[in-house]
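K.L.:
sequence plus the predicted model coming up.
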Amino acid sequence: MAHDFLETSLETVLAEKFFRDYVSYPEFKDALEEIVARRSVGNKMKDILHLLTKEELLNEWNPQSSVDPIEIDIFLTRLDEKRRGFSAGKIFNDPIHGHMEIHPACVLIIDTLQFQRLRYIKQLGMCYFVFPGASHNRFEHSIGTCYLAGQFCRSLRENQPELGITDMDILCVEIAGLCHDLGQGPFSRLFVDRFLPSGNRQDASEKEYARKHKVPSAKMFDFLLEENPTVKGKLKDKYGIGPDEITFIKEQIDGPPVTGSTAWPYRGRKEHKAYLYEIVSNLRNGIDVCKWDYLARDCHHLGMPNNFDHRRYMKFARVIEESGEHQICLRDKGGRRFRQSCSTFKVWQNKGLNV
C-alpha cells in the first residue's frame with residue numbers, strides 16, 4: 001500500500017475526497033503544484049515527499065495566497081496517514097466537546113456489538129427519575145473519554161517533547177479511554193454498588209473500589225477481541241496493536257495487580273512512562289480524563305454549573321519525577337477546584353442513587 005502511494009501523482013492524491021474534506025480546494029492544490037513546478041522535480045509522491053514538510057512549505061508559500069497556513073498542518077497530517085495506509089478518523093459531533101475526530105482503530109471497536117451495548121446503559125443510572133435530562137449514556141461518555149485521552153497525551157507531548165510519547169502510546173491510551181467502561185452493567189454504578197459482591201464503597205478502600213469497577217471492563221475487552229477476530233486482525237496488521245499493546249491497554253483499564261511487591265507492576269510500558277497510566281484512570285489522585293468527561297457531561301445534562309475547566313488543566317499539567325516516579329503534576333489550586341466540583345456533583349448524584 002505504501003509503495004502504491006509513492007508511485008501516485010500529486011494530482012491524484014489531492015483529488016481524493018480524503019484531502020478535499022480538510023483543505024481549501026482548488027487554492028491549496030494550485031499552490032502546491034506551483035511549488036513543485038518551481039523546484040523542477042517529478043510529479044510522483046516519491047519525488048516530492050521531501051518537499052512537503054512544514055518548513056519547506058512555509059518557505060515556498062506565496063504570501064498573497066488565500067489559503068490559510070493552518071491548513072498546512074492539516075494537510076501534512078492527512079498526508080502522513082495516507083502514506084502509512086491509514087484512513088481519516090471519524091468525526092463525532094458531541095454536545096460537550098464539539099467535533100471530535102476519533103482514530104479509525106477506535107472506530108473499529110466502536111462498531112462492535114460489545115461496544116454498542118453501551119448505548120442502552122444510562123450514565124447516571126436511576127438519576128433520570130429525579131433529573132429528566134439525565135438520560136445520556138455510557139456510549140457517548142466513552143467516546144468523550146477517548147477523545148480527551150488523546151488530547152491530553154498530545155498536550156503533554158507538545159509541552160514536553162523530551163518525554164518521548166509516541167503515536168502508539170497515544171493510540172493505546174485512546175483505546176483504553178474508549179473501553180474503560182465496557183464492563184458496565186445495568187444502571188451503571190448502582191449495579192456495582194448494590195449487586196456485585198463487596199461492590200459497596202463502604203466495604204472497600206477507594207482504590208479497591210475503583211479496581212472492582214474496572215475489572216469487568218478489562219474482561220469485556222478480551223471478550224470483544226475474541227468475538228471479533230476481524231477487528232483484532234485489523235488492529236494488529238493495519239495499526240500495529242499486537243499482544244504488548246493489548247497488555248498495555250488492559251493495564252490502564254484494570255490497574256496494577258495486587259501483589260504486595262514494590263517492584264514496577266506493569267508489563268505494557270516501562271517505569272519511565274508511568275505517567276501514561278494516570279491519564280485514563282488515575283489511582284494516585286483521581287484526576288483523570290474519565291472524570292473530566294463525566295463531570296462536564298453530567299453537569300450539562302443535569303443543568304448544573306461545572307467550575308472545572310479541563311482545557312486549562314491540560315495547559316498547565318506537567319510530568320515531573322518525584323521520589324523516582326514520573327507522575328502528572330499540576331498547580332495546587334487546580335486540584336482544589338477539581339475536588340470542589342467532584343464534591344458538589346456527589347451531593348446531587350446521591351439524590352438519584354437513593355431514590
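P.N.:
Thanks, I have the structure now. Numbers count the residues shown, from 1 in each chain.
K.L.:
mind checking pLDDT for Gly164?
P.N.:
Gly164 carries a pLDDT score of 90 in this model.
K.L.:
how near is it to Arg138?
P.N.:
33 Å (Cβ to Cβ, to the nearest Å). All C-beta atoms are positioned from the backbone trio N, CA, C, and that covers glycine.
K.L.:
give me phi/psi at the most far-flung residue of the chain relative to its centre?
P.N.:
Going by Cα atoms, centre = their mean, the residue of the chain most distant from its centre is Ser40, 41.6 Å out. Ser40 adopts backbone torsions of phi 50, psi 50, taken as degrees, to the nearest 10.
K.L.:
where does the prediction get shaky in the stretch 51-200 of the chain?
P.N.:
Within the stretch 51-200 of the chain, the segments meeting pLDDT under 70 span 54-74, 77, 80-88, 188-190, 192-200.
K.L.:
all the strands of it, residue numbers only.
P.N.:
Secondary structure of the stretch 51-200 of the chain, counting by DSSP state E, counting those that start in this stretch: strands at 90-94, 98-102.
K.L.:
out of those strands, which gets nearest to Leu330?
P.N.:
Nearest to Leu330 among the strands of the stretch 51-200 of the chain is strand 98-102 (23.6 Å), distances taken as Cβ to Cβ.
K.L.:
list the buried ones in that closest one?
P.N.:
Neighbour counts over strand 98-102 (16 or more other Cβ atoms under 10 Å) mark 100, 102 as buried.
K.L.:
so that strand versus strand 90-94, what angle?
P.N.:
Orientation check (axes from the mean of the first three to the mean of the last three Cα atoms, to 10 degrees): strand 98-102 against strand 90-94 gives 150 degrees.
K.L.:
strands paired with strand 98-102, and their directions?
P.N.:
Neighbouring strands of strand 98-102 in its sheet, by DSSP bridges, are strand 90-94 (antiparallel).
K.L.:
which other residues reach the partner strand?
P.N.:
Applying Cβ atoms under 8 Å, 6 or more residues apart in numbering, the contact partners of strand 90-94 are 99-102, 104, 107, 140, 143-144, 147.
K.L.:
now these as a markdown table including distance to Glu16?
P.N.:
Shown next, in a markdown table, are the contacts of strand 90-94 (distance: Cβ to Cβ, whole Å):
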| residue | distance to Glu16 |
| --- | --- |
| His99 | 21 |
| Met100 | 23 |
| Glu101 | 18 |
| Ile102 | 20 |
| Pro104 | 16 |
| Val107 | 19 |
| Glu140 | 31 |
| Ile143 | 26 |
| Gly144 | 30 |
| Tyr147 | 25 |
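K.L.:
what's the most distant pair in these?
P.N.:
Across the contacts of strand 90-94 (Cβ to Cβ), the longest gap, 19.2 Å, separates Pro104 and Glu140.
K.L.:
okay, Gly164 and Arg138: which has more neighbours?
P.N.:
Arg138 (23 against 10; other Cβ atoms under 10 Å).
K.L.:
that one and Ile253, how far apart?
P.N.:
14 Å.
K.L.:
go on, Gly133?
P.N.:
Applying Cβ to Cβ, the value for Gly133 to Ile253 is 29 Å.
K.L.:
how about Ala263?
P.N.:
To Ile253, Ala263 is 21 Å away according to Cβ to Cβ.
K.L.:
still on that earlier bit, tell me which of Pro104 and Glu140 has more neighbours.
P.N.:
Ranked by neighbour count (other Cβ under 10 Å), Pro104 and Glu140 place Glu140 first, with 19 against 16.
K.L.:
list the buried residues in stretch 302-317.
P.N.:
Residues of stretch 302-317 classed as buried under the neighbour-count rule (16+ other Cβ under 10 Å) are 302, 306, 308, 310, 313-314, 317.
K.L.:
which residues does Leu330 contact?
P.N.:
Contacts of Leu330 (Cβ under 8 Å, 6+ apart): 287, 313, 316-318.
K.L.:
next: Gly164.
P.N.:
Contacts here follow Cβ under 8 Å, 6+ apart; on that basis Gly164 touches Lys273.
K.L.:
and it, how far from Gly183?
P.N.:
According to Cβ to Cβ, Gly164 and Gly183 sit 32 Å apart.
K.L.:
ok, the closest residue to Val173 other than its chain neighbours to Glu162 distance?
P.N.:
Distances taken as Cβ to Cβ, 6 or more residues apart in numbering place Ala149 nearest to Val173, at 4.9 Å, with adjacent residues excluded. Going from Ala149 to Glu162 by Cβ to Cβ gives 21 Å.
K.L.:
which one's more surrounded, the two?
P.N.:
More crowded of Ala149 and Glu162, by other Cβ under 10 Å: Ala149, with 29 against 7.
K.L.:
residues in contact with the more buried one?
P.N.:
Here Ala149 is in contact with 173-174, 176-178, 279-280, 289 (Cβ under 8 Å, 6+ apart).
K.L.:
mind doing that once more with 7 Å?
P.N.:
173-174, 176-177, 279-280, 289 (Cβ atoms under 7 Å, 6 or more residues apart in numbering).
K.L.:
ditto for Thr8
P.N.:
Counting by Cβ under 7 Å, 6+ apart, Thr8 has contacts 44-45.
K.L.:
can you report phi and psi for it?
P.N.:
According to degrees, to the nearest 10, Thr8 has phi -80, psi 150.
K.L.:
on that earlier part again, just the contacts of strand 90-94 now: which is nearest Lys44?
P.N.:
Closest approach between these and Lys44, by Cβ to Cβ: Pro104, at 25.7 Å.
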